[in-house]
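Participant: With the input below, show me the fold.
(2 chains)
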Amino acid sequence: MSAVPSSTVAMPQARAMAIEAKGLVKRFDGILAVDGVDIAVPEGAIYGVLGPNGAGKTTTLRMLLGIIDPDEGVRRVFGHDRPHEIARLVGYLPEERGLYPAMKCDEAIAFMGALRGLPLAEGRARGRELLERHGMGHAVDRQIRQLSKGMAQTVQLLGTLVHQPRLVVLDEPFSGLDAINQGKLELLIRDLAADGATVIFSTHVIHHAERLCDDVAIIAGGKVPYAGSVDTARDRIPAQVRLETARVEGRWRAALPADARHDAKAAGSHFWYFALPETGTEALLRALIEGEAGVLSLSIERAGLHDAFVAIAGEAAARALEDTKEETRG
Amino acid sequence: MSEPLASSRLGTLQAAWVVARRDFVAVLFSRAFLFFMLGPLFPVAVGGLAGNIGGQVERTAHSNTLALAMAPADAAAMIAAAGATGPRLAASIPNFAAVPAGDPRVILADRGKGYAAVVSGTPAAPRLTGPQAEIDRWSGAVGLLAAQAAGTSRIAFAPVAVSPVEQTTATARTDRIRTAQAAQLLLFLLTMLLAGMVLSNLVEEKANKIIEVLAAAIPMDAVFLGKLFAMLGVSFVGIAVWGAAAGVFLLASGSGASLPVPALGWPLFAALGVAYFAMAYLLLGALFLSIGALASTVREVQTLSMPVTMLQLLVFFLAAYALGSPGGAIELAAAVFPLSSPFAMLARAAVSDALWPHALALAWQALCVLVLVRTGALLFRARVMKSGPARDRARRKGFRIRRPVDTAVS
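Facilitator: The predicted structure follows:
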């Protein structure tokens, strides 16, 4: 037996990919809906597809799952280039929710499991268990038509998960849910990832992606101008500095960028707003102290995903994202 | 990846079974099935009502009574002659009603009586007054009865020995054609009812928006096959119930033996009837599902189904017309055209005892079902699963797509 812990001798391994897509193109009636989308989703990740309505999110997800075929490009799910054929490993919640109104909750869940190869009796038992676990034990024998919209949506989500898929694809899962149920869904997504499942979801709400995702693809107008980690996206925008000084002039001014905004609030108090210079935080601090700026306060804030989205996809896409949010609320 | 990925999806038949099982139970306990069960009552009730009304109209329109506007003794002699001849010549002899002698035109104008014609004069020289059609119809009989009443001619009926036979070639053929027509009509009514049910099932599916859940999990072929076979199963339940009811009725009324026997005999004809019914339904159902694939909305489904319903009628007429020209080009065309093939071949089973054309026809029809299902599934994937033109929306929103900065895919 080796005395060296195995972790110290293990070779670094490339992370396995649950989904890889390159150059996906889809046209409907000659109109380009998706234009050369590249996406790579690591196994076990929570991955967000972020964009406004009509950006191509749903079409992209449908192509990734093999519901429709791309006109161009390739996609692989768990290394399989015909994703439809590994449907048992996948759970999919479409944007347009749909259940048979006359079915009871546990039957609906079992039916969705049966579509993915789960025996009906086992599906029903698991369905009851899932309903209990998610606070809907009282509704097991209720018909779908007797449920509220949010409850029906929960039943469909549980049906998506009943066969314990390795890949869970959720198209706009938060839309139509109230704040409490959105919180529960966030927890559920985290639990799924903790259990080893890969979760990919589309959304037009940035804070869901920001809170949950390791990686995101920003999609706008059928293109993906950015796909990668949330941190990398945020790092594209320099941190924003808010500085308050006692003095207005001095050697230290050379450390501030030329486009720094100055705001004299009161006698002896000057505010400066600027992007953190490339030299970094330490160099800035040194210049301020050595240059006797008389620092009264200083805050350095890292850019959010929203800022990154604006920078990457443009103001128009960001406005469309906000419009989508308003439409959804309306 | 530890588990084998190749087997990670239900096979087409397994998946079709999952869908069929759900649909079968759902339809069996739906209002649509109740309508399907009551469906055959409507044509029977309408047919009975129409027949009854038609008979009454016929009786009112065609009077068999002639007015005898003669001297009372002459009239009595005429009535006596009709009484003596009537039982032997039955419908060829008119009813007589003695009326006071008068102008025949005035008697005919009396609306309350409604005589077909008026016989006046004497038995030796009778005069028949009435419309030309009635004169043509009754002049022979009136002449015969007048001769008998006048004593100038006595009818003597020679005794006729009778030897009844069950059937001649001519009657067998007529009977079999009647059986064929009845079978075609039954098939047509059943497929019409089922087409409505398939359509409502598809409309329900679209309204419930569950179709994408199905499309993501299993092949569309399986969805279509499952739906078709579920409805076929439902229709078999309906047919079993109605068939049993009809059997009990025939046995109870004792009229079963009088049904004309088809050329292939009842057991084989019934088996072929079930097979052709299944094929007629599957072909039509697959066509309706393909229409559903072409349509994006429930309204479009209903609009597009109208021409198919009209086509169904045309197909029925074609098959019915082909009965009149056995072995001709029209019968061949009706047997080859997929939608009319089950109707034409079922009629053939009633009038011809050759078996091999049925094997060929059933294989051809099954192939057509598969082609239609496959086409419908392809159309569905190509046309229905689209979420809208992004570019149009993007343009409306005033998007400006930036040059891609970077992507994480290597």
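
Participant: now the closest residue to chain B within the stretch 201-330 of chain A, what's its secondary structure?
Facilitator: As assessed by CB to the nearest CB, chain B sits closest to A:Gly228 within the stretch 201-330 of chain A, at 3.5 Å. (Glycine included, C-beta is placed from N, CA and C.) Under the three-state scheme (DSSP: H, G, I helix; E, B strand; the rest coil), the conformation of A:Gly228 reads as strand.

Participant: where along chain B do the strands fall?
Facilitator: Counting by DSSP state E, residue ranges of the strands within chain B are B:65-69, B:95-98, B:117-121, B:126-129.

Participant: what would these look like in a markdown table with mean neighbour count?
Facilitator: Supplementary listing: these in a markdown table, determined by neighbours: other CB atoms under 10 Å in any protein chain shown:
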| stretch | mean neighbour count |
| --- | --- |
| strand B:65-69 | 23 |
| strand B:95-98 | 16 |
| strand B:117-121 | 22 |
| strand B:126-129 | 18 |
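
Participant: coming back round to it: so the residue of the stretch 201-330 of chain A closest to chain B is in contact with A:Ile218, correct?
Facilitator: No - here A:Gly228 lies out of contact with A:Ile218, judged by CB atoms under 8 Å, at a distance of 9.4 Å.

Participant: any idea what sits nearest B:Ile218, other than its immediate chain neighbours?
Facilitator: Nearest-residue entry for B:Ile218: B:Ala15, 3.6 Å, with adjacent residues in sequence omitted and distances by CB to CB, 6 or more residues apart in numbering or on different chains.

Participant: ok, back up a step: can you list the strands of chain B in CSV and add distance to B:Gly328?
Facilitator: Below are the strands of chain B laid out as CSV (distance: least, CB to CB, whole Å):
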stretch, distance to B:Gly328
strand B:65-69, 46
strand B:95-98, 46
strand B:117-121, 45
strand B:126-129, 46
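
Participant: Between those, which one is closest to A:Ile144.
Facilitator: Each of the strands of chain B was scored for nearness to A:Ile144 using CB to CB, and the closest is strand B:65-69 (70.0 Å).

Participant: so who does B:Arg173 touch?
Facilitator: By CB atoms under 8 Å, 6 or more residues apart in numbering or on different chains, the contact set of B:Arg173 is B:Val351.

Participant: likewise the one 4 residues further on?
Facilitator: Residues near B:Ile177 by CB under 8 Å, 6+ apart: B:323, B:350-351.

Participant: do the same with B:Pro219
Facilitator: With contacts taken as CB under 8 Å, 6+ apart, B:Pro219 has the following neighbours: A:84, B:12, B:15, B:377.

Participant: Grab the nearest non-local neighbour of A:Arg15.
Facilitator: Closest residue to A:Arg15 apart from its sequence neighbours, by CB to CB, 6+ apart: A:Pro42 at 4.5 Å.

Participant: Got the domain ranges for the chain?
Facilitator: The chain I'm using is chain A. Chain A breaks down by automatic domain parsing into domains covering A:17-229, A:238-301.

Participant: You answered for a different chain; I wanted chain B.
Facilitator: Domain segmentation of chain B under automatic domain parsing yields B:12-39+B:169-386, B:64-150.

Participant: can I get those domains in TSV with mean pLDDT?
Facilitator: Output for the domains of chain B, formatted as TSV (pLDDT from 0 to 100):
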stretch	mean pLDDT
domain B:12-39+B:169-386	82
domain B:64-150	85
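
Participant: related to what we said a few turns ago, of A:Gly228 and A:Ile218, give the one with the bigger neighbour count.
Facilitator: A:Ile218 (27 against 18; other CB atoms under 10 Å in any protein chain shown).

Participant: for the more buried one, what are its contacts?
Facilitator: A:Ile218 sits next to A:50-51, A:224-227, A:233, A:308-309, A:312-313 when contact means CB under 8 Å, 6+ apart.
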